[in-house]
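Asker: build me a model:
(one chain, ligands or ions: 4)
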Amino acid sequence: MKMNLRKLLEHIDFLEVHGKTDREIDSVEFDSRKIKKDSAFVAQRGLHADGHRFIPAALENGAAVIFCEELPKELPAGVTFVSVKNSGLVLGKLAAAFYGFPSKKMKVVGVTGTNGKTSIVTLLYRLFKQLGHNSGLISTISYMIDDKEDTATHTTPDALRIQQLMAQMVEAGCEYCFMEVSSHAVQQQRIEGIEFAGGVFTNITHDHLDYHKTFAAYIKAKKQFFDNLTESAFALTNIDDKNGRVMVQNTKAKVITYSNRALADYHCKVIETHFNGMMLNLTGREVWTRFVGKFNASNLLAVFAVAVNLNQDEDEVLTHLSNLEPVKGRFETVRSNDGKMGIVDYAHTPDALKNVLTAISGIRSGNEQVITVIGAGGDRDKTKRPEMTQEAIAGSDKVILTSDNPRTENPAQIIRDMETGIGAADNNKVISIENRREAIKTATLIAQPGDIILVAGKGHESYQEVNGVRHHFDDVEELKNCFGISE
Ligand SMILES: CC(=O)N[C@H]1[C@@H](OP(=O)(O)OP(=O)(O)OC[C@H]2O[C@@H](n3ccc(=O)[nH]c3=O)[C@H](O)[C@@H]2O)O[C@H](CO)[C@@H](O)[C@@H]1O[C@H](C)C(=O)N[C@@H](C)C(=O)N[C@H](CCC(=O)O)C(=O)O
Ligand SMILES: Nc1ncnc2c1ncn2[C@@H]1O[C@H](COP(=O)(O)OP(=O)(O)OP(=O)(O)O)[C@@H](O)[C@H]1O
Ligand SMILES: N[C@H](CCC[C@H](N)C(=O)O)C(=O)O
Ligand SMILES: [Mg+2]
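Answerer: Ligands and ions are numbered 1, 2, ... in the order given. Below is the predicted model of the structure:
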């Protein structure tokens, strides 16, 4: 792929240019290690390093053009330097232009919120495939270019990767792309250059305060996504969340509301719940679904509302909604031969844990015990740890605190942080077992037939990350082993 610099410059705001602009560029990169002859390098300030420091390395690797916020003292001949106010913004726009503005050639819907993003985008992708549309997906679990899978590295990858993926989607004839928009991505301008047909807000609760520092800053990051939507887009918001209206108060997009409780443009009521599904009244129509829990009713309602706003036939959408299966690691059930029930769920925030345990309490029929196995990730928000313990205790009969992905932290210290959430009266409800495999095993041994074991926090993850190394680990596999079930 090649593009003339002069053409690229038409799409960005810049301050000064030094050197010739009539030259061909082979690639755009923001990592000096990926620079080759005739690449353009965008120097941006990150969390750990300042990309400007790597301008010499980029030049050594053959960069023809450097975009930067601060010009180096010496400008070597033969290289074009473009100074810009905001490199992050420019990277998004350059990436979009370089890959031919793929988001303008599809309908892109972004979903943001603390919980529910993966569930909603994955269900939208599957629904639209069933409705006969080629579609793309960008999610925590996987990136899909219609039927072709690409490994996911981030919930929302960097601007270059996004535009590359979208260009491949357009190439594969995709009419739609459903993507998660994480708050990190908004803050780091990874979504610059994307034209959205719609945005969805699910909820905002405690997470990522290590990164955003305050809840207000976390809200602001999410809101910025809606502030930047255009008039032709829709902004679908969950008004059951107390920040649902705040999110869309400054958007130019058409605001649409959804709710499980109040009157809204799209509303839904849970009529019946069983272990294998629930009956919903969705905007006046009854529909059986294979999902459990009020939060899933909310997710399905969002999926329905998006589909209708993308001009799909309501009846057809409802029929397909009934056939949709839960997403991997989201309320995934494993039953033992003697009637113990294991549930693997990706709940890794206090709110998600509360929701899953509430969903479980809604389907309990008698005196069965609920045993929860839960850990918290290392190098992430520490303040949520005791809150997660409190939610686990509130919704379970027994709690086993264990490790999640310790990353570079000491797992015993993470557990100690979690233990600070144990109230004096709850001491006998909780035990701590650092080894996750042992913790799951213990839960299955304590459990009696009929009891429910919730293994929370890691969901679909097939690894446990310790000091930069990912060891194979799969909660569903562990439960099956303990239950003596083969695949
Ligand atoms: C904390 C965070 O979000 N960090 C992201 C950020 O990295 P950074 O700011 O640390 O980058 P840096 O190391 O300071 O480097 C600064 C600049 O120098 C450049 N550089 C660096 C070294 C070099 O030799 N040459 C060079 O040019 C880098 O390419 C970069 O442009 O920018 C990188 C490129 O886009 C991301 O890969 C990286 O994600 C890290 C790996 C990460 O783990 N992020 C997580 C927390 C994340 O983003 N999570 C959200 C989901 C959260 C949720 O659940 O909602 C996600 O969307 O996945
Ligand atoms: N609408 C919802 N409201 C609250 N909790 C939810 C909702 N949907 C899912 N959950 C809970 O949150 C967990 C994570 O769901 P999901 O993966 O869909 O969220 P996510 O927003 O993509 O998370 P991440 O930010 O890690 O990518 C689920 O396993 C479930 O426990
Ligand atoms: N996207 C989330 C994933 C958390 C999953 C949990 N298993 C952990 O490792 O903390 C995050 O980066 O905070
Ligand atoms: Mg996700």
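
Asker: could you use CA atoms for every contact and neighbour count after this?
Answerer: Noted.

Asker: what about stretch 11-21, distance to the chain center?
Answerer: Mean-position distance between stretch 11-21 and its chain equals 35 Å (C-alpha atoms, centre = their mean, to the nearest Å).

Asker: actually, stretch 450-459.
Answerer: 21 Å.

Asker: show residues contacting it.
Answerer: Contacts to stretch 450-459, defined as C-alpha atoms under 8 Å, 6 or more residues apart in numbering, come from residues 328-330, 339-348, 353, 368-376, 404, 440, 443-444, 447, 475.

Asker: among these, name the buried ones.
Answerer: Restricting those to buried positions leaves 328-330, 340-348, 353, 369-376, 404, 440, 443-444, 447, 475, with burial counted as 16 or more other C-alpha atoms under 10 Å.

Asker: just the terminal-to-terminal distance for stretch 140-150.
Answerer: Across stretch 140-150, the straight-line distance between its terminal residues is 12 Å, by C-alpha to C-alpha, to the nearest Å.

Asker: what distance separates the start and the end of stretch 195-208?
Answerer: Between the start and the finish of stretch 195-208 there is a gap of 26 Å, counting by C-alpha to C-alpha.

Asker: near ligand 1 at all, that stretch?
Answerer: No: judged by C-alpha under 6 Å from any ligand atom, stretch 195-208 and ligand 1 are separated, with a smallest distance of 7.3 Å.

Asker: can you offset everything so residue one is 15?
Answerer: With the count now opening at 15, the last piece we talked about shows up as stretch 209-222.

Asker: for the most centrally placed residue in the chain, give its distance to ligand 4.
Answerer: Among the residues of the chain, the smallest C-alpha distance to the mean C-alpha position (C-alpha atoms, centre = their mean) belongs to residue 169, namely 4.3 Å. Separation of residue 169 from ligand 4 (C-alpha to the ion, to the nearest Å): 6 Å.

Asker: likewise for residue 80?
Answerer: When distance is defined by C-alpha to the ion, residue 80 is 34 Å away from ligand 4.

Asker: over to residue 229?
Answerer: Summarising the geometry, the distance separating residue 229 from ligand 4, computed by C-alpha to the ion, is 19 Å.

Asker: pLDDT below threshold where in the chain?
Answerer: Of all residues in the chain, those with pLDDT under 70 make up the ranges 501.

Asker: got the contact list for the residue of it positioned farthest from its centre?
Answerer: Of all residues in the chain, residue 91 has its C-alpha farthest from the mean position, at 44.0 Å, by C-alpha atoms, centre = their mean. Residue 91 makes contacts with residue 33, as judged by C-alpha under 8 Å, 6+ apart.

Asker: where does it fall, secondary structure wise?
Answerer: Secondary structure from DSSP states H and E places residue 91 outside every helix and strand.

Asker: state the phi and psi torsions of it.
Answerer: Residue 91 has phi and psi values of phi -70, psi 150 when expressed as degrees, to the nearest 10.

Asker: out of the contacts of stretch 464-473, list just those in strands.
Answerer: Assignment to strands by DSSP state E places the following of the contacts of stretch 464-473 there: 355-359, 384-388.

Asker: which one of those is nearest to ligand 2?
Answerer: Among those, residue 359 lies closest to ligand 2 (C-alpha to the nearest ligand atom), at 4.5 Å.

Asker: show me which residues of this structure sit near ligand 2.
Answerer: Applying C-alpha under 6 Å from any ligand atom, we find that the chain lies next to ligand 2 at 127-133, 154, 169, 216, 309-310, 312-313, 344, 359-361, 366-367, 369-370.

Asker: quick check, nearest of the ones in strands among the contacts of stretch 464-473 to ligand 4?
Answerer: Within the set of the ones in strands among the contacts of stretch 464-473, residue 359 lies nearest ligand 4; the separation is 12.5 Å, counting by C-alpha to the ion.

Asker: ok, now which ones touch the closest one?
Answerer: 343-346, 370, 468-473.

Asker: select, from the residues you listed, the two members most distant in space.
Answerer: Looking at these by C-alpha to C-alpha, the two members farthest from one another are 370 and 472, with 13.7 Å of separation.

Asker: where do the contact lists of the two overlap?
Answerer: Residues within reach of residue 370 and of residue 472 at once, by C-alpha under 8 Å, 6+ apart, are 359, 361.

Asker: which residues touch the nearest residue in space to residue 181 that is not next to it in sequence?
Answerer: The shortest distance from residue 181 to any non-neighbouring residue, by C-alpha to C-alpha, 6 or more residues apart in numbering, is to residue 116 (5.2 Å). Contacts for residue 116 were tallied using C-alpha under 8 Å, 6+ apart; they are 110, 177, 180-181, 184.

Asker: longest single helix anywhere in this structure?
Answerer: If you go by DSSP state H, the chain has its longest helix at helix 308-323.

Asker: quick check: what element follows that helix along the chain?
Answerer: Proceeding C-terminally, helix 308-323 gives way to helix 328-337 as the next helix or strand, assigned by DSSP H and E.

Asker: ok and that following helix relative to helix 308-323, angle-wise?
Answerer: If you take axes from the mean of the first three to the mean of the last three C-alpha atoms, to 10 degrees, helix 328-337 sits at 150 degrees to helix 308-323.

Asker: what residues of the helix or strand following helix 328-337 count as buried?
Answerer: Next in sequence after helix 328-337, counting helices and strands by DSSP H and E, comes strand 346-349. With burial defined by 16+ other C-alpha under 10 Å, the residues of strand 346-349 counted as buried are 346-349.

Asker: helices or strands up against strand 346-349?
Answerer: When contacts are defined as 3 or more C-alpha pairs under 8 Å, 6 or more residues apart in numbering; DSSP states H and E, strand 346-349 packs onto strand 355-359, helix 489-497.
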